[in-house]
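Asker: Got a sequence here, can you build the structure:
(2 chains)
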Protein chains: 2
Amino acid sequence: MDSLKKKILSEGTAIGSEIVKVDNFLNHQIDVLFLEELGKAFHERFKDISPDKILTVEASGIAMACETAKNFDGIPVVFAKKAAPNTLVEGYYCAPAKSFTKGIVSTLFASKTFLNEGEKILIIDDFMASGEAALALGELCRQAGAEVLGIGIAIEKAFQGGAEKLREKGFRVESLAVIKKIRNGTIEFE
Amino acid sequence: MDSLKKKILSEGTAIGSEIVKVDNFLNHQIDVLFLEELGKAFHERFKDISPDKILTVEASGIAMACETAKNFDGIPVVFAKKAAPNTLVEGYYCAPAKSFTKGIVSTLFASKTFLNEGEKILIIDDFMASGEAALALGELCRQAGAEVLGIGIAIEKAFQGGAEKLREKGFRVESLAVIKKIRNGTIEFE
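Answerer: Numbering: from 1, shown residues only, chains lettered A, B, ... in the order given. As a prediction, this is how the structure comes out:
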C-alpha cells in the first residue's frame, strides 16, 4: 500500500535498528481519515473471504479493525484484552504474548461469549514483529474452536520473522507495508 | 440518545448495584455501525464548538472517539496510554486515574508532541463513574496548556457522582445516556 509506505517515511521515525514509531498517525495520535483507507486496503486484500468477525487486541488495533469491519458489511469486532477486568465474569480464553515495544509478557483475554466454535475469524493488528500477538490471538481462536481465515497487518517488520513463522504454521498473512530493514535511521521496504 | 438506552437495556447487563456491562457492543465486542451513530450523536451535542483534537484513553474509547472525529472534519484523535512504552522517548505528561472496573490506579500518559499549548480539546470516553479518567485527561490538557471545550461520555452512571464533580470544576459534560440507578439488576435512566 503505497500511501502507507509514504506516510511511514514522511511521518514515522526509525529508532535504532528495530523500532518504527508511527505515533503520529496510528499508535498514539490517529489520522482518522487515513484509517478509513487502511480499512479499505485490508478489505481489498481479503475480499475473497467472508469472515464472521474480526479479532484484534487492545489498544492500537481497535480503530483500524473497526474500519476494516465496515467494509465487510459491519461484522462485529472483538478486541482481546491485556487484563481481565472484574466485569469479565463469564469465563474466558487466555494466551500469553510478549510485547516487543513494551518488553513485557502480557496475557491476552477474550470472553467465551464472543469467540465461538465454527466462527470464521479475520485477525487484524497494527504491527507484526516476532508475531507474538498474532500467535496469541490465533491461540484464543483455537481454544474457542474458531477458524482463522487470515491475519492482516498494517506494518510488518519482516526482519523480525513473525510473518514467516506464522506462514510456516499455516496462517495466511497479508501485510500492507513490509519493512525489510532499518539501517542508520532509514527505513527500507521490500 | 434513545437508541443507546435501548441497546443498553436489550444487550447490556447490570451487575450488582454499580456495574453496567456493555461488552456486547462497546467494551469487548464492538458494533461498528452503532459506533457511527454514537459519533454522530456526540457531534450533535457539541456542534457549537470547534475542537482541534479529540482526546480519549485506551482502549474502549478509541473507536468511538475516531467516529466522533470524522464528524468534526476528521480532526486527529489522541489516546492517552496506561503505560509508557519504550517508544515514548520525547517526554510526556502524566496523571493518575483510578479505574472503577479494574480496581487499580493507572497512570495516564500523553506525549508532549500531541498536546500543545492553546489547542482546543474535546474529551470523549465510554463510561463515567466517579470521573477519575476524565479528570486525569483534563489534567493532561492542563499540563499542556490546552483548553478542554467539553467532555462527551457515552454512558454516565450519575449515582457515582463523576459528572457532577466535573461540572463543579467548570467542565461541560454531555452524556448520551445517563443511568440514575441500578436496582435488583434493573437499569433506570434519568
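Asker: Nearest residue to residue A:113 in space, please, no chain neighbours.
Answerer: residue A:90 (5.7 Å; C-beta to C-beta, 6 or more residues apart in numbering or on different chains). (Each C-beta comes from the backbone N, C-alpha and C, glycine too.)
Asker: okay but the one you found is in contact with residue A:109, surely?
Answerer: No - Residue A:90 lies out of contact with residue A:109 (C-beta atoms under 8 Å); the separation is 11.6 Å.
Asker: neighbour-wise, which of these two wins?
Answerer: residue A:109 (19 against 12; other C-beta atoms under 10 Å in any protein chain shown).
Asker: How about the contacts made by that one?
Answerer: A:80, A:81, A:82, A:83, A:84, A:88, A:92, A:93, A:94 (C-beta atoms under 8 Å, 6 or more residues apart in numbering or on different chains).
Asker: so of those residues, which ones are in strands?
Answerer: A:80, A:92, A:93, A:94 (DSSP state E).
Asker: quick one: contacts for the residue nearest to residue A:113?
Answerer: Per C-beta under 8 Å, 6+ apart, neighbours of residue A:90: A:111, A:112, A:113.
Asker: so it is in which element?
Answerer: Under DSSP states H and E, no helix or strand contains residue A:90.
Asker: Give me the distance between residue A:131 and chain B.
Answerer: 18 Å (C-beta to the nearest C-beta, to the nearest Å).
Asker: Please tell me I have it right and that residue contacts residue A:167.
Answerer: No - counting by C-beta under 8 Å, residue A:131 does not reach residue A:167; the two are 9.7 Å apart.
Asker: More neighbours: which of these two?
Answerer: Neighbour count, other C-beta under 10 Å: between residue A:131 and residue A:167, residue A:131 has more, with 26 against 13.
Asker: Let me see the contact set for that one.
Answerer: By C-beta under 8 Å, 6+ apart, the neighbours of residue A:131 are A:160, A:161, A:162, A:163, A:165, A:166.
Asker: hmm, back to that, give me the buried subset of the ones in strands among the contacts of residue A:109.
Answerer: The neighbour count (16 or more other C-beta atoms under 10 Å in any protein chain shown) marks A:80, A:92, A:93 as buried among those.
Asker: Let's have those residues in JSON lines, adding pLDDT and distance to chain B.
Answerer: Shown next, in JSON lines, are these (pLDDT from 0 to 100; distance: C-beta to the nearest C-beta, whole Å):
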{"residue": "A:80", "pLDDT": "97", "distance to chain B": "9"}
{"residue": "A:92", "pLDDT": "92", "distance to chain B": "10"}
{"residue": "A:93", "pLDDT": "95", "distance to chain B": "12"}
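Asker: and of the residues you listed, the nearest to residue B:59?
Answerer: Checking these against residue B:59 by C-beta to C-beta gives residue A:80 as the nearest, at 10.1 Å.
Asker: my guess is that closest one contacts residue A:110, does it?
Answerer: Yes - here residue A:80 reaches residue A:110: they are 4.8 Å apart, a contact under C-beta under 8 Å.
Asker: Report the set of residues contacting both of the two.
Answerer: A:55, A:140.
Asker: need the residues of chain A near chain B, please.
Answerer: A:15, A:19, A:21, A:23-24, A:27-33, A:35, A:58-59, A:62-63, A:66, A:69-70, A:74-79, A:81, A:83, A:85-89, A:101-103, A:110-111, A:113-114 (C-beta under 8 Å from any C-beta of the partner chain).
Asker: Swap in 6 Å and give it another go.
Answerer: For chain A, the residues in contact with chain B (C-beta under 6 Å from any C-beta of the partner chain) are A:19, A:21, A:28-30, A:32-33, A:58-59, A:62-63, A:66, A:69-70, A:74, A:76-78, A:85-87, A:101-102, A:111, A:114.
Asker: Make a ChimeraX selection of whichever of those turn out to be buried.
Answerer: Buried residues within these, by 16+ other C-beta under 10 Å, are selected in ChimeraX with:
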select /A:19,21,28,29,30,32,58,59,62,63,66,69,70,76,77,78,85,87,101,111,114
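Asker: Now, the residues of chain A next to chain B that are in strands?
Answerer: Short answer: these in strands (DSSP E) are A:19, A:21, A:29, A:30, A:77, A:78, A:111.
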